[in-house]
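Engineer: Make a model of this:
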Amino acid sequence: MFPTVREVLALDPVRHGGPRVVAGAGGLDRLVRWVHVAEVPDIAALLSGGELVLTTGIGLPGDDAGLRAFIGELADVGVSGLVVELGRRYPTVVPRVMASAAEQRGLALVELRRVTPFVRITEAVHALIVDAQLTELRATEEIHQRFTELSVEGAEPAEVVRQAAELAGCPVVLENVSRQVLAYDPAGESAELLLRAWEQHSRRIRSTGRTGYDPDVGWLVTTVGARGQDWGRLLLRWPAGELATGSGTPPTRLTILVERAASTLALGRLIRRDAEGLERQIHRSLLTALLDHTRPVDEVALRARALGVALERRHLVGVVVRYRADEPGSAAAQARLRDLAEAVSQALRNADLNGLSSTLDDQAVGAVLALRDAADVDRALADFATALDRVRLDAGPTAGRSYGAPVGVIVAAGSGVDTVREVRRSLIEARQVADAARRGRRDLPVYRLPHVGLAGLLHLLRDEPRLQTFVERELGPLLAYDAEHPREQLLGTLRGYLDSGRNKSAAAAATHLSRPAFYERLARISRILAVDLDVVEDCLSLHVALLALDAVRDD
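Structural biologist: Now for the predicted structure:
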């Protein structure tokens, strides 16, 4: 960290000159990046800001306007201060106009009342600056070494955040893009005060670029992410009011620290995902083998055991997780499915469940839970569903991802089996239940076969030729009639009548027909289908046929 003007005035060579601040005392905490000796009035063009200018005043303008312009140019370029040695140009005091201009611009103006070799001042200040830069360099080297070790060790986010807070001596918070806290370290302060109403507080923190500082709230912020996908922010609280350096911005060391910590977090996430990528491939090959019987069951069980998943002498339950809405073929859908597969895998770990998991097709993620006791099925499924919700909530709705409440997910489970050979039946049942659950209106943590209802059952049987034959037998003549008379669409009339509970008045209103017109349509339907719409059994058969037709058409 560079010294301030106040610290420079305390150095022995400067104190030897009898310094006196005559204007701009509010600027004494500005940082001194360098010391520059100047005896010409147009020196501002050669400066870049942060310099402490030393002068005897010999070459300065003799008129008030020239002196005001000289002070204004120095202030505009951002110098730290101006030190004038008395005796050569100004015998006892600097001109009043110079002091007035410096006070107006907040520029620290200092008189040296005794002759002092400027070289001693520059040597002392530059030595201080070099020492500060060396200290900063050593601190930066420690930061790089610490976070390199964390990257190599594959440290968890909580440990990276803890190390960052320890190095900075300031509170550090890691949040996702939804402003939910993923990890934090209060650095000895009150965690409750730090995180109180965090989301609202975080949304008030503004930063420009990938790394920035908001002086209004005192937070240094950097974006966390890689490969074009940002998934969070790392925030370090550095209140300038308490740790003022004169510039109103955190020291470079802290900026380097948060950026290295963010890089370590992003790299750790990529490493974990890539490492899991190979594991997920093995899981998928094993699940595919169980479904398609492409490998001997004993071989699958052996490979699973080598992977740390024991399938023998376990109660096995097939689970399928899918989104309610399909987006086939799109790159976004593939990314969503990968993210869902990662969430399912993480949920299994968080729920302390042993099993295989991977994508099954373009729409669903499958898993096989290996339980020690058949009595644990309900508890295990409930724990898994809860863990999955928590994982998706913690991830947040990030770019290219589909976590969060707006996207519905179905968790379906098949019947438990006791041998590896029977796992296929449990997985297929789970996939069918997941497909059928999309047709229903119930919202359950886990769907089982009893939950799918009549519509779900018909959806499961939609590929069954006998069901399709039933639909044709019951509704075929009416479908043919509608095909020849597209303006009438008597199928819609029949659906409205059955959906209204055979209440003709309500059905006529729902279909926007007058009662006579509606009654005439019902009579026509009765003739076409050769049924009596006042008979409950006939209407029940037609209602089931309509539900079956919807299931067949959905396929």
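Engineer: model confidence over the helix or strand encompassing residue 36, on average?
Structural biologist: Here residue 36, judged by DSSP states H and E, is contained in strand 34-37. Computed over strand 34-37, the mean pLDDT rounds to 89.
Engineer: Using CSV, list the CA coordinates for it.
Structural biologist: C-alpha atoms of strand 34-37 as CSV (Å, rounded to 0.1, in the frame of the first residue of the first chain):
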residue,chain,number,x,y,z
TRP,A,34,5.7,8.9,-6.5
VAL,A,35,7.6,12.2,-5.7
HIS,A,36,8.3,14.6,-8.5
VAL,A,37,10.4,17.8,-8.3
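Engineer: Enumerate the positions of that strand that are buried.
Structural biologist: For strand 34-37, burial by neighbour count (16 or more other Cβ atoms under 10 Å) applies to 34, 35, 36. Glycine gets a C-beta too; all of them are placed from N, C-alpha and C.
Engineer: List the residues that contact the first one.
Structural biologist: Contacts for residue 34 were tallied using Cβ atoms under 8 Å, 6 or more residues apart in numbering; they are 50, 51, 52, 126, 129.
Engineer: same question, the second one
Structural biologist: Neighbouring residues of residue 35 by Cβ under 8 Å, 6+ apart: 51, 52, 54, 121, 122, 125, 126.
Engineer: partner residues bridging it?
Structural biologist: residue 52 (DSSP bridges).
Engineer: how about the strands of this protein, start to end?
Structural biologist: 19-23, 34-37, 51-55, 81-85, 108-112, 172-176, 181-185, 211-214, 219-226, 229-237, 315-323, 355-359, 364-371, 409-413 (DSSP state E).
Engineer: Report all helices and strands that the last one contacts.
Structural biologist: For strand 409-413, the elements it packs on are strand 315-323, helix 377-395, helix 423-437, judged by 3 or more Cβ pairs under 8 Å, 6 or more residues apart in numbering; DSSP states H and E.
Engineer: at 10 Å instead, please
Structural biologist: The contact analysis (3 or more Cβ pairs under 10 Å, 6 or more residues apart in numbering; DSSP states H and E) places strand 409-413 against strand 315-323, helix 331-350, strand 364-371, helix 377-395, helix 423-437.
Engineer: now do the fourth one
Structural biologist: Packing partners of strand 81-85 (3+ Cβ pairs under 10 Å, 6+ apart): helix 5-9, strand 19-23, strand 51-55, helix 64-77, helix 96-105, strand 108-112, helix 118-153.
Engineer: and the ones you listed as TSV, adding mean pLDDT?
Structural biologist: As requested, the helices and strands packed on strand 81-85 are exported to TSV (pLDDT from 0 to 100):
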stretch	mean pLDDT
helix 5-9	91
strand 19-23	93
strand 51-55	93
helix 64-77	93
helix 96-105	93
strand 108-112	94
helix 118-153	81
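Engineer: can you put those in JSON lines and add mean neighbour count?
Structural biologist: Below are those laid out as JSON lines (neighbours: other Cβ atoms under 10 Å):
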{"stretch": "helix 5-9", "mean neighbour count": "21"}
{"stretch": "strand 19-23", "mean neighbour count": "18"}
{"stretch": "strand 51-55", "mean neighbour count": "23"}
{"stretch": "helix 64-77", "mean neighbour count": "17"}
{"stretch": "helix 96-105", "mean neighbour count": "18"}
{"stretch": "strand 108-112", "mean neighbour count": "24"}
{"stretch": "helix 118-153", "mean neighbour count": "15"}
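Engineer: possible to save these as CSV with distance to residue 41?
Structural biologist: Converted to CSV, these look like this (distance: least, Cβ to Cβ, whole Å):
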stretch, distance to residue 41
helix 5-9, 22
strand 19-23, 18
strand 51-55, 10
helix 64-77, 5
helix 96-105, 12
strand 108-112, 16
helix 118-153, 18
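Engineer: what's the closest of the strands of the chain to residue 333?
Structural biologist: Smallest distance to residue 333 across the strands of the chain (Cβ to Cβ): 8.7 Å, for strand 315-323.
Engineer: hang on, the earlier thing: using a markdown table, please lay out the strands of the chain together with distance to residue 284.
Structural biologist: A markdown table is the format used below for the strands of the chain (distance: least, Cβ to Cβ, whole Å):
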| stretch | distance to residue 284 |
| --- | --- |
| strand 19-23 | 73 |
| strand 34-37 | 61 |
| strand 51-55 | 64 |
| strand 81-85 | 67 |
| strand 108-112 | 68 |
| strand 172-176 | 27 |
| strand 181-185 | 28 |
| strand 211-214 | 39 |
| strand 219-226 | 24 |
| strand 229-237 | 23 |
| strand 315-323 | 14 |
| strand 355-359 | 4 |
| strand 364-371 | 9 |
| strand 409-413 | 19 |
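Engineer: Of those strands, give the one that comes closest to residue 193.
Structural biologist: strand 229-237 (11.0 Å).
Engineer: Pull out the buried positions in the closest one.
Structural biologist: 230, 231, 232, 233, 234, 235, 236, 237.
Engineer: cool, and stretch 192-201?
Structural biologist: Counting neighbours by 16+ other Cβ under 10 Å, stretch 192-201 gives 194, 195, 198, 201 as buried.
Engineer: Kindly report the same for stretch 159-179.
Structural biologist: For stretch 159-179, by 16+ other Cβ under 10 Å, it's 159-165, 167-168, 170-179.
Engineer: Cross those against helices and list the overlap.
Structural biologist: Among those, the residues falling in helices (DSSP state H) are 159, 160, 161, 162, 163, 164, 165, 167, 168.
Engineer: Spatially nearest residue to the first one, not counting backbone neighbours?
Structural biologist: Okay, so that is residue 159. Setting aside the residues directly before and after it, residue 159 is nearest to residue 150 in space (Cβ to Cβ, 6 or more residues apart in numbering), at 6.8 Å.
Engineer: for residue 87, what are its contacts?
Structural biologist: Contact partners of residue 87, counting by Cβ atoms under 10 Å, 6 or more residues apart in numbering, are 56, 57, 112, 113, 114, 115.
Engineer: Which two of the residues you listed have the greatest separation?
Structural biologist: It's 57 and 114 that sit farthest apart of the contacts of residue 87, by Cβ to Cβ, at 15.2 Å.
Engineer: Neighbour count for these two, which is higher?
Structural biologist: The neighbour comparison of residue 57 against residue 114 (other Cβ atoms under 10 Å) goes to residue 57, with 20 against 11.
Engineer: so that one touches residue 67, yeah?
Structural biologist: Yes: Residue 57 is in contact with residue 67 according to Cβ atoms under 10 Å; the separation is 9.5 Å.
Engineer: Please identify every residue contacting each of those two.
Structural biologist: Joint contacts of residue 57 and residue 67 (Cβ under 10 Å, 6+ apart) are 94, 95, 98.
Engineer: so the second one makes contact with residue 86?
Structural biologist: Put plainly, it is residue 95. No: contact criterion Cβ under 10 Å: residue 95 and residue 86 do not qualify, at 11.4 Å.
Engineer: and for these two, which residues touch both?
Structural biologist: Going by Cβ under 10 Å, 6+ apart, residues that sit against residue 95 and also against residue 86 are residue 57.
Engineer: The two: which is more packed in?
Structural biologist: Ranked by neighbour count (other Cβ under 10 Å), residue 95 and residue 86 place residue 86 first, with 20 against 16.
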